[in-house]
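*Asks:* Build the 3D model from these lines:
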Amino acid sequence: MSKVKWGILGAARVNERLLPAIIEASNAELVAIASRRAGAAKATLDKYAPCHQNVICYDDMDALIHDKNVDAIYCPLANNEHAEWALKAINAGKHVLIEKPMALTVADIEAIEAAAIKNNVKVMEGFMYRFHPQHARVKEIVESGLIGDVLSCKASYSFLMRPARMYRIASGVKEGGGAMWDIGPYAIHSLRWAFGLNGGLEPKSVVAHAKLNEVGADIVTSGVLDFGNDAEGRARFGHFDISFERSRKSEYEIIGTKGWVKCHAAWVFQNDVPVISWALEDGKYAEERSAPSNHFTLEIEHFSDCVLNNKTPHLSFADAKANCKAIEAVLQSISSGARVSLA
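*Replies:* I've put the predicted structure just below:
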């Protein structure tokens with residue numbers, strides 16, 4: 001097998017980027033798409049890949065799961081459906097790439113992990129941004145020691161809520177609605193990754209505040225993750241700020257004892273020129289641009305390679321559980337109005 005045959009569960013908006021990415025991937029082939037809404041799968045295919053009419057379109061998601069021609073499944077369903085449908089696919093022997101968040105509870109992720117081990121399939125949480133080369137450059141700068149010891153990180157993710165996206169705030173956080181379960185996973189993941197470059201640190205506690213709508217979905221959330229003091233007693237904090245009330249933004253900044261480095265846009269389109277910048281205490285400043293790259297395609301190629309060559313996915317279950325644990329703590333802090341320990 002030289003290519004992984006992919007199926008997509010659902011006609012979600014992310015298919016605008018994902019569906020062409022599977023088609024473009026060198027080691028993947030799109031063979032099926034399914035939706036519970038009659039005609040929605042075909043409409044999605046016609047809209048985003050009109051030249052690929054050899055793809056089977058199902059109006060029954062179970063039919064796709066049990067299609068023997070499908071090797072791997074992408075699951076971009078509603079957040080509160082990820083665990084249920086991922087487990088169905090895994091137990092049918094399919095490899096599964098699950099759109100972030102993998103699930104709404106650590107317990108559900110543990111169940112997915114156990115099922116993946118039992119059925120000997122690959123499963124990964126879909127943080128496409130992690131596969132863009134610009135982050136490898138940020139990693140290189142931090143690990144070179146150029147900016148010194150990492151003591152602070154800031155992550156800001158936002159976009160203006162449009163009428164077509166109102167479904168994201170139609171249910172409360174307990175049902176997977178709101179900004180924290182939508183764009184929050186990126187912010188928390190960015191901070192954890194940044195501090196992970198400085199010795200694999202994980203947050204010890206969190207304090208967060210939010211603006212909630214009438215159904216209990218957060219529209220804006222800000223908070224601080226405490227990563228503990230370093231060996232010299234210096235504080236290490238990760239600040240996150242997410243919003244559905246502001247213009248599009250997806251940046252993170254890592255600040256050390258000698259300088260800082262910033263990723264100006266983690267959500268880059270395939271033709272965008274990525275920009276990162278850094279500055280040092282002595283006044284030196286640099287702005288770096290790199291070639292455009294499609295992180296969705298790179299993610300699909302990575303996961304397909306794991307399937308084809310029995311490799312371990314770059315994003316692990318341990319990472320998914322740690323991210324979910326932090327998000328659960330953020331939501332608990334919002335609800336209680338107090339600092340929440342992650343110990």
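*Asks:* where do the helices sit along the protein?
*Replies:* Secondary structure of the chain (DSSP state H): helices at 15-24, 40-48, 61-65, 82-91, 106-119, 133-143, 179-182, 184-196, 295-309, 317-336.
*Asks:* got a markdown table for these, with mean pLDDT, mean neighbour count and distance to Leu280 too?
*Replies:* To be clear about C-beta, it is placed using only N, CA and C from the backbone, and glycine gets the same treatment. Output for those, formatted as a markdown table (pLDDT from 0 to 100; neighbours: other CB atoms under 10 Å; distance: least, CB to CB, whole Å):
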| stretch | mean pLDDT | mean neighbour count | distance to Leu280 |
| --- | --- | --- | --- |
| helix 15-24 | 92 | 21 | 36 |
| helix 40-48 | 93 | 18 | 44 |
| helix 61-65 | 97 | 20 | 52 |
| helix 82-91 | 98 | 22 | 42 |
| helix 106-119 | 98 | 17 | 40 |
| helix 133-143 | 97 | 17 | 11 |
| helix 179-182 | 98 | 25 | 34 |
| helix 184-196 | 97 | 25 | 18 |
| helix 295-309 | 98 | 21 | 28 |
| helix 317-336 | 98 | 20 | 30 |
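*Asks:* So which of the ones you listed is nearest Ile73?
*Replies:* Of all the helices of the chain, helix 82-91 sits nearest to Ile73, with 4.7 Å by CB to CB.
*Asks:* and the angle for the closest one with helix 106-119?
*Replies:* 10 degrees (axes from the mean of the first three to the mean of the last three CA atoms, to 10 degrees).
*Asks:* can I get the CA coordinates of helix 82-91 in CSV?
*Replies:* This file holds the C-alpha atoms of helix 82-91, laid out as CSV (Å, rounded to 0.1, in the frame of the first residue of the first chain):
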residue,chain,number,x,y,z
HIS,A,82,-15.5,13.2,19.0
ALA,A,83,-15.2,10.5,21.5
GLU,A,84,-18.3,8.5,20.5
TRP,A,85,-17.5,8.5,16.8
ALA,A,86,-13.8,8.0,17.2
LEU,A,87,-14.5,4.9,19.3
LYS,A,88,-16.8,3.6,16.6
ALA,A,89,-14.2,4.0,13.9
ILE,A,90,-11.4,2.6,16.1
ASN,A,91,-13.4,-0.5,17.0
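*Asks:* Please enumerate residues in contact with that helix?
*Replies:* 9, 61-62, 65, 73, 75, 77, 96, 98-99, 101-105, 108-109, 111-112, 115-116, 119, 121, 123 (CB atoms under 8 Å, 6 or more residues apart in numbering).
*Asks:* Equivalent analysis for stretch 293-309, please.
*Replies:* So stretch 293-309 is contacted by 1-4, 6, 17-18, 20-22, 24-28, 71-72, 95, 97, 122, 124, 126-134, 268, 270, 274, 311-314 (CB under 8 Å, 6+ apart).
*Asks:* Stretch 269-276 now?
*Replies:* Defining contact as CB under 8 Å, 6+ apart, one finds that stretch 269-276 is touched by 132-134, 137-138, 141, 261-265, 268, 287-294, 296-297.
*Asks:* what comes up buried for it?
*Replies:* Applying a neighbour-count criterion of 16 or more other CB atoms under 10 Å, the buried positions in stretch 269-276 are 274-276.
*Asks:* I'd like to know which of the residues you listed is nearest to Trp181.
*Replies:* Pro274 (26.5 Å).
*Asks:* where's that closest one relative to Ser222, distance?
*Replies:* 26 Å (CB to CB, to the nearest Å).
*Asks:* and what of Ser156?
*Replies:* 9 Å.
*Asks:* Distance check, the residue lying farthest from the centre of the chain against Ser144.
*Replies:* Using CA atoms, centre = their mean, the residue of the chain lying farthest from its centre is Asp282. It sits 35.7 Å away. According to CB to CB, Asp282 and Ser144 sit 16 Å apart.
*Asks:* Identify the contacts common to Ser156 and Ser222.
*Replies:* Joint contacts of Ser156 and Ser222 (CB under 8 Å, 6+ apart) are 240-242.
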